[in-house]
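K.L.:
Here's my sequence, what's the structure:
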Amino acid sequence: MAKLEPRRRKVKILATTGPASSDPDMLRNLLLAGADAFRVNMSHGEHEVHAKTIAAIRALEKEYNRPIAILADLQGPKLRVGKFADGRATIPHGAEFTFDRSQEPGDATRVELPHPEIFDVVEEGQRLLVNDGKIRLRVKQVGLDSITCKAEVGGVISDRKGVNVPDAEIPIPALTDKDRRDLAFAIEHGVDWIGLSFVQRPDDLAEARKLMGGYGALCAKIEKPQAVRRLDEIIELADGIMVARGDLGVELEPQEVPPLQKKIVNATRLTGKPVIVATQMLESMIESPAPTRAEVSDVANAVYDGADCVMLSAETAAGAWPEEAVLMMDSIARQVERDEGYKQRVRMLETPPDPTTADALAHACMTIADTVKINAIAVFTCSGSSARRVARERPAVPLMVLTPSMRVARRVALLWGGHPVATKDIGSFEEMIAKGKRMALRHGFAGEGARIAMMAGVPFGVAGATNLVHVVTVKGNELEHYDGEG
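P.N.:
You can find the predicted model right below:
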């Protein structure tokens, strides 16, 4: 079996697959460069291609005996204008422009908007943004069949360009027919996370949950101002959160996004659920082998804020330097985590434990690691809940997550500091100690004299029974009898 050294950094790296990275050899290179999980973007590519990518990732997982998370990112509904007589038109700055229901080809004064839901909710004074916000229109008048606007920022508009409505909640579901087909495909092929786009309200998560049928974890993408306004409710219903800064940056003013990113990261961290900071992190590396200083600072700030995961999009999906992008992100994260001030910065957010035994013990694990020399924390878990509790405390030492469920192990691959290990369940206190030591030795977290804090529940194998923390020391004779197998 091939050897993959344990990650010594806490923050995880999520790499998007695509034409530049679907080859099995490149996927291996990305894994070895530092990718902990892979995102399959369902907006692009055919199911046949995605199936091959997923199979290649699972082959790597088996080859290196390392659980790998796969996130299938659904496209969500796309609001688009109709077509133009010449394929495109130019809207002058300050000019009047109308969206209507007519299917006649558009020109510099009007175009079809084939979404009746928008006509029902948009109001005078609100904004309509076209082509990722490059064209900015202000609504002057709304009729039954037309929306008349003034172009605050004009420009070239062409066939089927996207429309954003940042100031109104659009009464359309987050899942389209395509999304339902993509979701069924993703579940059939055993992905671990589903990324739900166009979330506006808590109810948007309900249909996805129903279609998932209890399989996999649901990651709500925060990309709409409406979702920000109901953030706490959405976090409560989701299994994880993605800060989709690209779309947020279209619908909000650019200066509004950084504080919102921190707000979303902090609110999610309080629950112990993983939070991903995504899009445009090393954007220039799509074409360049080196990032800008601003991009390096951007990634570093997300790591300092304690995000569980940072994501690469087009950098690895379609860029010229996919492996270099992962290596760079890994290097930035390691440098930040070596900073003497990192531990203090990442704990600036107070995460008070809930009044439960499991939360109290998770907090105790962090305190033990701060008080005495501990080499690792080993958490035995059936559902992953105990691991999330410990990770929420942001302990200074590695966190081994031992679980009999490969599903849980894969999900943990997105969790801050979590090193997932799929292993047989334990049945006794003595077996817990022996297995914890063996796994720490096998995965490179222990040597002679190493101390390990173990957290588990008695009776063993029962979800929600966490009630035990025990500190053990690895002795020399145990190293002599350890053969590296089990």
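K.L.:
Pass me the low-pLDDT residue ranges in the stretch 1-150 of the chain, would you?
P.N.:
1 (pLDDT under 70).
K.L.:
Regarding the most centrally placed residue in the chain, which helix or strand does it belong to?
P.N.:
Centroid-nearest residue in the chain, with Cα atoms, centre = their mean: residue 276, separated by 3.6 Å. Assigned by DSSP states H and E, residue 276 belongs to strand 275-278.
K.L.:
What's the first helix or strand after that strand?
P.N.:
helix 293-304.
K.L.:
counting contacts, what elements does that following helix pack onto?
P.N.:
If contacts are counted by 3 or more Cβ pairs under 8 Å, 6 or more residues apart in numbering; DSSP states H and E, helix 293-304 sits against strand 309-312, helix 322-338, helix 342-346. (C-beta placed from N, C-alpha, C; glycine too.)
K.L.:
so which of those is the most packed in?
P.N.:
Ranked by mean neighbour count, those are led by strand 309-312 with a mean of 26 (mean count of other Cβ atoms under 10 Å).
K.L.:
next one: it to chain centre, how far?
P.N.:
Put simply, strand 309-312 sits 7 Å off its chain's centre (Cα atoms, centre = their mean, to the nearest Å).
K.L.:
Quick one: mean pLDDT over the helix or strand following it.
P.N.:
Once the chain leaves strand 309-312, the next helix or strand it forms, by DSSP H and E, is helix 314-317. The average pLDDT for helix 314-317 rounds to 97.
K.L.:
Could I get the CA-only coordinates of helix 314-317 as CSV?
P.N.:
Taking C-alpha atoms only, helix 314-317 is exported to CSV below (Å, rounded to 0.1, in the frame of the first residue of the first chain):
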residue,chain,number,x,y,z
ALA,A,314,-10.9,27.1,-11.6
GLU,A,315,-7.3,27.0,-10.3
THR,A,316,-7.5,23.2,-10.2
ALA,A,317,-10.5,22.6,-12.5
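K.L.:
hang on, the earlier thing: reformat the helices and strands packed on helix 293-304 into CSV and put distance to residue 367 next to each item.
P.N.:
As requested, the helices and strands packed on helix 293-304 are exported to CSV (distance: least, Cβ to Cβ, whole Å):
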stretch, distance to residue 367
strand 309-312, 26
helix 322-338, 20
helix 342-346, 14
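K.L.:
Mind checking the ones you listed for the one nearest to residue 73?
P.N.:
strand 309-312 (9.8 Å; Cβ to Cβ).
K.L.:
how is this protein carved up into domains?
P.N.:
For the chain, automatic domain parsing gives the domain ranges 12-76+173-342, 88-164, 357-481.
K.L.:
so which of those comes closest to residue 5?
P.N.:
Here domain 357-481 is closest among the domains of the chain (Cβ to Cβ), at 6.5 Å.
K.L.:
Where does the nearest residue to residue 275 once chain neighbours are set aside sit: helix, strand or coil?
P.N.:
Nearest residue to residue 275 in three dimensions, chain neighbours excluded: residue 268, at 3.8 Å (Cβ to Cβ, 6 or more residues apart in numbering). The assignment at residue 268 comes out as helix when based on DSSP: H, G, I helix; E, B strand; the rest coil.
K.L.:
how deep is residue 268 tucked in, by neighbour count?
P.N.:
27 (other Cβ atoms under 10 Å).
K.L.:
now residue 227
P.N.:
Residue 227 has 25 neighbours, counted by other Cβ under 10 Å.
K.L.:
Could you do residue 25 as well?
P.N.:
Neighbour tally, residue 25, other Cβ under 10 Å: 8.
K.L.:
about what we covered before: in TSV, list the domains of the chain along with distance to residue 6.
P.N.:
What follows is the domains of the chain, written out as TSV (distance: least, Cβ to Cβ, whole Å):
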stretch	distance to residue 6
domain 12-76+173-342	9
domain 88-164	40
domain 357-481	5
